[in-house]
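>>> The following block contains a protein sequence and its predicted model.
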Amino acid sequence: MSQNRAPRDDPYQPSTSTASQRRYDANRREFERIFSPQTPPNLWQILTTRQRGRALKANFEAEIRALRGLNFSVLLKPYESYLTDLCQVCSTTFPDLCQQLRHFAFYKRMPCTNDDEDAKDLFQMVATCIHYENMQWKAIIRKRTLLDKITERRLKHTRLKTEEPQPATSTASTIFKILKKSRRVPFNPMDDEHLREQHYLDDVGSSDHKFVQTVDKFMKSVIRNNMANRTKECALSDVEYYCVDDRVLLAPQISFRLDNMLQIVEFKLPAIEDDGYFPPDRPDRAWYLFEQYQKAHFECTSAFSVLRPPNGLPIAGGFERSTIVAQELLYFHSLGRHIHGFHEVWRETERGFQQKDGQWVPRRYLVDIYNQVKFPMYIEWEMWPPQLKWAFDKLSLYSLKLMYMVKKYSRELKSLGDSLFTRYPSAIHEGMKFSIASVKGRQQYLSVISEQNMRINEKCALLPGSTSGKEYLTWGPGQNSEQNPAKLFVDLCKENTIFLKFSVPSFKTAEFLKKIVQKDLQPLR
């Protein structure tokens, strides 16, 4: 006999029980309560997604557009006192928190200025409390959203402790505070705030691979000749050795206002003397390098001071000029790189770092005088990260071309005034519609930079490549003044400070041009 019994309910008849539907409705209500579809997106949710480029813009187009020009100091102003106490517990400050949020919104990457886990957790919690509602960003911060009871007691205890009168500080405590603020050797652009401002863009996969391949071939001969003895008997200065050719930069390529290495427009590499660097009669190579550096530095700074008197660009705040020793020059030179005359050494006035032997030394930076781009003044080249290595090579070769332009066209560049040193508009970085991590995006970015350079440099007609001077600088078959009337007229105008406002091909002979200049006519308009 079968043990199977007939079912109590007919399977072909619909069930009249509501238990399943009630369980489904309860689960749905709980899900909607936890993951409400009406919850506005927050800053952390948008910028930490694994999306880049067009996908990120397509999903959060309005939110990202609203981030442009957002001032987090003003946004978090109502909660400043509360966040200041909280930052004090987490070993950070309210201005640093606002700066990190701005860095996070611009680069869409987590800032690494603080290694403290409490500071990172606080940053994430504050970023989560910044929501996008009604076409604008709002901060909704409540105590219960950030702190528990234990943390509140700790915060209160810390605040009361800071309000107590502090004893008079002594010299030992001041030195201890300075050493406490110090960090490790400034190598990584993510860890050093001065390097991060100028080299962080190079850390997002946007390195110029085409330049890296080109400069690797170019630097092989340079490295081979760096420690070799010279075979020619002629004596060459540092400037003459590293800047042999006279191929000038064009007007769209000249820039004295670089913020990072991606703003250097493509240029032709300079020709360097294909011979050994050291003369055979100078066995003291370290002192020879030091003498060459001193002469080249004086020559470069003297020529550059004509453009920006009295002493070129002013030194940045918090720094002071330092010195470099002969052994540092020799060690850096032996590794295949050279410290040129347009380099100078800065050091911070209050901070330092601890060496392997336990000695505290100042934090020093190698800075070029033309654009004030900083590199670590730490001669262990093999310890430099790749993005700093190729950036140093690119800036050194570009500055060699600038050095030649400053010496040859000092009067023309001086006529541009302070506009030559004005920074690029912030709208170029905040409002650009392309990704610099792609080849197409970098080309679009460089085209914008070229237009900005041309807008400033085209005011001087005698600069190579300027729009107003393009016709007469390239017209004519001859290379000297006798065969090329246009070149003769340009030379005469340089002597008489006459700026051209017309096209040279309309004049046919050099004799006619001489008569015009001899009559001391006013510049045509």
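All right, it came through fine. Numbering: from 1, shown residues only.
>>> Please enumerate the strands of the stretch 1-150 of the chain.
130-133, 136-139 (DSSP state E, counting those that start in this stretch).
>>> How about the chain?
Using DSSP state E, the strands found in the chain span residues 130-133, 136-139, 319-322, 343-354, 360-368, 374-376.
>>> Redo these as a markdown table? Include mean neighbour count, distance to W44 and mean pLDDT.
Just so you know, the C-beta spots here come from the backbone N, C-alpha and C atoms, and that holds for glycine as well. Converted to a markdown table, the strands of the chain look like this (neighbours: other Cβ atoms under 10 Å; distance: least, Cβ to Cβ, whole Å; pLDDT from 0 to 100):
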| stretch | mean neighbour count | distance to W44 | mean pLDDT |
| --- | --- | --- | --- |
| strand 130-133 | 17 | 8 | 87 |
| strand 136-139 | 14 | 12 | 88 |
| strand 319-322 | 14 | 35 | 90 |
| strand 343-354 | 17 | 31 | 84 |
| strand 360-368 | 19 | 33 | 86 |
| strand 374-376 | 22 | 31 | 90 |
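>>> Next, the angle from the longest helix seen in the chain to strand 360-368.
Secondary structure of the chain per DSSP state H: the longest helix is helix 386-408. With axes from the mean of the first three to the mean of the last three Cα atoms, to 10 degrees as the basis, helix 386-408 and strand 360-368 are set at 50 degrees to each other.
>>> The protein - how does it break down into domains?
43-160, 200-416, 439-518 (automatic domain parsing).
>>> for the record, mean pLDDT for the last one?
Average pLDDT, domain 439-518: 54.
>>> Tell me where the stretch 51-200 of the chain has helices.
Counting by DSSP state H, counting those that start in this stretch, residue ranges of the helices within the stretch 51-200 of the chain are 54-59, 61-66, 72-75, 80-89, 94-107, 117-128, 143-146, 149-163, 171-181, 193-199.
>>> List the contacts of P314.
By Cβ atoms under 8 Å, 6 or more residues apart in numbering, no residues touch P314.
>>> typo on my end, it should be H333
Contacts of H333 (Cβ under 8 Å, 6+ apart): 226-227, 277, 289, 339.
>>> And D121, by the same measure?
C90.
>>> measure it to H103 for me?
Per Cβ to Cβ, to the nearest Å, D121 is found 17 Å from H103.
>>> D191 too?
13 Å.
>>> could the domains of the chain be laid out in TSV, adding distance to A427?
TSV is the format used below for the domains of the chain (distance: least, Cβ to Cβ, whole Å):
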stretch	distance to A427
domain 43-160	9
domain 200-416	13
domain 439-518	10
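>>> which of those domains has the lowest average pLDDT?
Ranked by mean pLDDT, the domains of the chain bottom out at domain 439-518, with a mean of 54.
>>> still on that earlier bit, just the buried residues of the longest helix of the chain, please?
Residues 387-407 are the ones in helix 386-408 that count as buried (16 or more other Cβ atoms under 10 Å).
>>> repeat for stretch 99-108
Neighbour-count burial for stretch 99-108 [16+ other Cβ under 10 Å]: 99-105, 108.
>>> And stretch 70-84, by the same measure?
Buried, per 16+ other Cβ under 10 Å, within stretch 70-84: 70, 72, 75-76, 79, 82-83.
>>> Make CSV from these and add distance to M219 to it.
Output for the buried residues of stretch 70-84, formatted as CSV (distance: Cβ to Cβ, whole Å):
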residue, distance to M219
L70, 43
F72, 43
L75, 47
L76, 48
Y79, 53
Y82, 54
L83, 49
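>>> Need the max-distance pair from those residues.
Farthest pair in the buried residues of stretch 70-84 (Cβ to Cβ) is L70 and Y82. Separation: 20.4 Å.
>>> If we ignore the residues flanking it in sequence, what's nearest Q45?
T128 (7.6 Å; Cβ to Cβ, 6 or more residues apart in numbering).
>>> The one you found touches P41, doesn't it?
No: T128 is not in contact with P41 according to Cβ atoms under 8 Å; the separation is 10.6 Å.
>>> still on that earlier bit, OK, contacts around the residue nearest to Q45?
Applying Cβ under 8 Å, 6+ apart, we find T128 in contact with 42-45.
>>> Quick one, which of the residues you listed are buried?
For the contacts of T128, a neighbour count by 16+ other Cβ under 10 Å gives the buried set as 42-45.
>>> Compile these into JSON lines and extend it with columns for distance to W381.
Conversion of the buried ones among the contacts of T128 to JSON lines gives the following (distance: Cβ to Cβ, whole Å):
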{"residue": "N42", "distance to W381": "43"}
{"residue": "L43", "distance to W381": "39"}
{"residue": "W44", "distance to W381": "39"}
{"residue": "Q45", "distance to W381": "42"}
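>>> between those residues, which is closest to Q443?
L43 (31.0 Å).
>>> residues contacting A303?
403, 406-407, 410.
>>> For C460, see how far away it is.
For A303, the distance to C460 - Cβ to Cβ - is 17 Å.
>>> which pair in the contacts of T128 spans the largest distance?
Farthest pair in those (Cβ to Cβ) is L43 and Q45. Separation: 7.3 Å.
>>> gap between I64 and L47?
9 Å.
>>> try A391
A391 is 26 Å from L47, by Cβ to Cβ.
>>> Likewise for M403?
41 Å.
>>> what does L86 give?
Going from L86 to L47 by Cβ to Cβ gives 21 Å.
>>> Settle it for me: which of those two has more neighbours?
Between L86 and L47, L86 has the larger neighbour count (other Cβ atoms under 10 Å), namely 25 against 21.
>>> these two touch, right, that one and L122?
Yes: the criterion here is Cβ under 8 Å, and L86 meets it with L122 at 6.3 Å.
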